[in-house]
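Participant: Build the 3D model from these lines:
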Amino acid sequence: MCNRMPILAMVTLSGLCIVEGVRAQTWGGFYIDGALGARSTSTELRDSTTISTGYSSPFSNSSWSETEYTSSTLDFGDTNFLAQLSAGWRWDNGSVVLGIGAFFDLAGEGAGKQQDTFVYTSTRSYPPYISYAYSSTESFAASVKQENRYGISLDIGPSWKTHPYAKLIYSWSDFEFEERTPECGPGSSGPTSNTFGTTRSGFGVGGGIRHLYNDHLYFFAEAMWQDLGSTTKTLIPLCGNRGYPVYPGQSYSATQTIKLSPTNLTGVLGVGWRF
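Facilitator: Residues are numbered from 1 along each chain as shown. Just a heads-up that it's a prediction; the model follows:
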């Protein structure tokens, strides 16, 4: 038995060293990482304008009314270089790795440009009997910009040295929309361009794969999709009164409604450090 004691001691010590070595390969603790890749922005634009004019003579029973309406739906899209910084904390219980963090994106602002034509459908009525319809066109150019994105994240995966993971994010980003036309006719009092900014936010889902190179250094690849919700703005239409003079007895009203619905798709390759 005594002769076996050194052997048992060596086996026990070796086992402890192996267990300690396995435990050293953990994802737990504070981390910071950086990544490079691309961000693709897609935006659906719905643009509608209604213009109503009318006239009622103060001297007779003559009157007329006219309604002009146009609606357009455009899809914007552009892809930009992306740099991403993240930091947070992960828990590793030997079976599951759970992480929370915050991130910040640096990317190009261009999110798409489009040129199109408004087709106005007009109906003019002369009560009680006469009514007729006609159409007109007006060209315009529109563009969308997206600034840097920032948010929080939650990810989960198995406690393996190389493991896949699923990720949920919630982030914010600023957008700027501009619409412009060169075709305002004589007498038009309205703007030749409309611009507004908005901050959008929403949830995103995705995932990736991580590899722990040693106790601290790791590499990862990740893809995410995010819906940033939609916003609706009511503006003065391009060209304003579109050249309609307002005489005594004449009425005029116009509204333009713009709805933006942006989404993001990102893909990155990165490197991180676990402290």
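
Participant: ok now stretch 156-163, how far from the chain's centre?
Facilitator: Taking CA atoms, centre = their mean, to the nearest Å, the mean C-alpha location of stretch 156-163 is offset from the chain mean by 30 Å.

Participant: same question, stretch 218-235
Facilitator: 4 Å.

Participant: Y170: what's it in contact with?
Facilitator: Applying CB atoms under 8 Å, 6 or more residues apart in numbering, we find Y170 in contact with G151, I152, S201, G202, F203, G204. Bear in mind the C-beta positions are built from the backbone N, C-alpha and C, glycine included.

Participant: at 10 Å what do you get?
Facilitator: If you count contacts by CB atoms under 10 Å, 6 or more residues apart in numbering, Y170 has them with G151, I152, S153, L154, S201, G202, F203, G204, Q226.

Participant: So for it, what's the pLDDT?
Facilitator: Per-residue pLDDT puts Y170 at 97.

Participant: Repeat that for C2.
Facilitator: For C2, the pLDDT comes out at 44.

Participant: What of L217?
Facilitator: Looking at L217, its pLDDT stands at 96.

Participant: Let's see if you can find the most crowded of the contacts of Y170.
Facilitator: For the contacts of Y170, counting by other CB atoms under 10 Å, the largest number of neighbours falls to Q226: 24 neighbours.

Participant: follow-up on the earlier one: and the furthest pair within the contacts of Y170?
Facilitator: L154 and S201 (15.8 Å; CB to CB).

Participant: on that earlier part again, now the contacts of Y170 in JSON lines, please, with extra columns for secondary structure and pLDDT.
Facilitator: JSON lines is the format used below for the contacts of Y170 (DSSP: H, G, I helix; E, B strand; the rest coil; pLDDT from 0 to 100):
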{"residue": "G151", "secondary structure": "strand", "pLDDT": "96"}
{"residue": "I152", "secondary structure": "strand", "pLDDT": "98"}
{"residue": "S153", "secondary structure": "strand", "pLDDT": "97"}
{"residue": "L154", "secondary structure": "strand", "pLDDT": "98"}
{"residue": "S201", "secondary structure": "strand", "pLDDT": "95"}
{"residue": "G202", "secondary structure": "strand", "pLDDT": "95"}
{"residue": "F203", "secondary structure": "strand", "pLDDT": "96"}
{"residue": "G204", "secondary structure": "strand", "pLDDT": "97"}
{"residue": "Q226", "secondary structure": "strand", "pLDDT": "96"}
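
Participant: ok, T232 - contacts?
Facilitator: R46, T198, T257, I258, K259, L260, S261.

Participant: swap the cut-off to 7 Å and go again
Facilitator: T257, K259 (CB atoms under 7 Å, 6 or more residues apart in numbering).

Participant: what's the answer for S125, then?
Facilitator: If you count contacts by CB under 7 Å, 6+ apart, S125 has them with W64, S65, S131.
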